[in-house]
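**Student:** Need the 3D shape of this:
(one chain, ligands or ions: 2)
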Amino acid sequence: MKTPVRVAVTGAAGQIGYALLFRIASGEMLGKEQPVILQLLELPIDKAQAALKGVIMELEDCAFPLLADVVGTDDPEVAFKDADIALLVGARPRGPGMERKDLLLENAKIFTAQGAALNKVASRDVKVLVVGNPANTNAYIAMKSAPDLNPRNFTAMLRLDHNRALSQLATKAGVAVGDIEGLIVWGNHSPTMYPDYRFATAKGVNLKDKVNDADWNANTFIPQVGKRGAAIIEARGLSSAASAANAAIDHIHDWVLGSNGKWVTMGVPSDGSYGIPEGVIFGFAVTTENGEYTLVKDIEVDDFSQKAIDKTLAELEEERSGVAHLLS
Ligand code: NAD
Ligand code: LMR
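**Tutor:** Residues are numbered from 1 along each chain as shown. Ligands and ions are numbered 1, 2, ... in the order given. This next block holds a predicted model:
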């Protein structure tokens, strides 16, 4: 039997948590041979702790062979102790009519404290995925609050946007979603994100040439992917949960086990590529292998793409300056 991997999940009793934990415990994230220990964090309020207790009871009732242990706590330093993977989901979600940046300051405090706790007690190789919105800036705050950890280990979730774009493109192009390669979502997890299918192929066929519809790209594909989160809130009265949990599983699965040469989108600290200032957590195309991600370099950026990248970067810079006072 392999040594169990310690997976910390914050906001564990929330709706994404409920869609996530059972799939992690059944081996869908790290593989069917890999035991896990779940270290679950919830707010120190009775209702949240009671809900967490109920979720843990259900985890027990599944009798998952790979679930070596479950810890429930309201203390980040207990949840993150020796964590190999930390899924930072807990945050206040957006309601109808709110933009993600309305949540900025409220959630910034959470991620300052959690970054500091990770810095203190997590494994030095911890892989952190921030799901809670605004995800890119929260990941930036956590990274800056953890000066002893490698900044590369802090990532934000753009995989849901990537999956949304894959699905819409597959429908438009009439190809199987699993055959698509070479898709990117640049930038912020917000309506300014830039889903870019210029290099996407399916079974070797270039989909931009196949679709050949600039109007669809500019006026349907890009805005629909960017505003899909709001459309789901409008329809469900709650933000996306099962698809968000699924994307978190895809993100960590590929980071740990590899993407087999495929491009996937991760929000990672920029190394200065594509003119994105170093440290800004930006959606880039990456490939993953042996637990490491590598930015895909030298993607051609045309005028249309440059404008889109500039727009989403400007928003991220604005968010960053909005929280700068919390980080000094
Ligand atoms: P939810 O309200 O159902 O659950 C959030 C949970 O987090 C609650 O149980 C709450 O008690 C807990 N929580 C809040 N602050 C906490 C803290 N400091 N420590 C520990 N737990 C805390 O929300 P949800 O639907 O599960 O969404 C969670 C977050 O994920 C939201 O910010 C949402 O906007 C975001 N989200 C991101 C994406 C993405 O693609 N990046 C997609 C969907 C949702
Ligand atoms: C999403 O994209 O579904 C989430 O980020 C929820 C939201 O606030 O849009």
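**Student:** Where does the residue of the chain found nearest ligand 2 sit: helix, strand or coil?
**Tutor:** Closest residue of the chain to ligand 2, C-beta to the nearest ligand atom: residue 229 (2.3 Å). Yep, even glycine has a C-beta here, placed from its N, CA and C like the rest. With DSSP: H, G, I helix; E, B strand; the rest coil as the basis, residue 229 sits in helix.
**Student:** what about residue 10, distance to residue 152?
**Tutor:** As defined by C-beta to C-beta, to the nearest Å, residue 10 lies at a distance of 21 Å from residue 152.
**Student:** Pick out whichever of those two has more residues nearby.
**Tutor:** residue 10 (26 against 13; other C-beta atoms under 10 Å).
**Student:** If you tally nearby residues, what's the number for the closest residue to ligand 1 within the stretch 1-150 of the chain?
**Tutor:** Closest approach of the stretch 1-150 of the chain to ligand 1 (C-beta to the nearest ligand atom) occurs at residue 14, with a separation of 1.9 Å. Residue 14: 23 surrounding residues under other C-beta under 10 Å.
**Student:** Okay, it and residue 56: tell me how far apart.
**Tutor:** Residue 14 is 14 Å from residue 56, by C-beta to C-beta.
**Student:** before we move on, what about residue 129?
**Tutor:** Taking C-beta to C-beta, one finds residue 129 at 22 Å from residue 56.
**Student:** Which one of the two is surrounded by more residues?
**Tutor:** Taking other C-beta under 10 Å, residue 129 and residue 56 do not tie; residue 129 has more neighbours (24 against 18).
**Student:** so that one is in which element?
**Tutor:** Applying DSSP states H and E as the criterion places residue 129 in strand 127-130.
**Student:** contacting residues around that strand?
**Tutor:** By C-beta atoms under 8 Å, 6 or more residues apart in numbering, the residues outside strand 127-130 that reach it are 84-88, 111, 118, 136, 138-139, 142-143, 153-157, 248, 251-252, 255-256, 267, 291.
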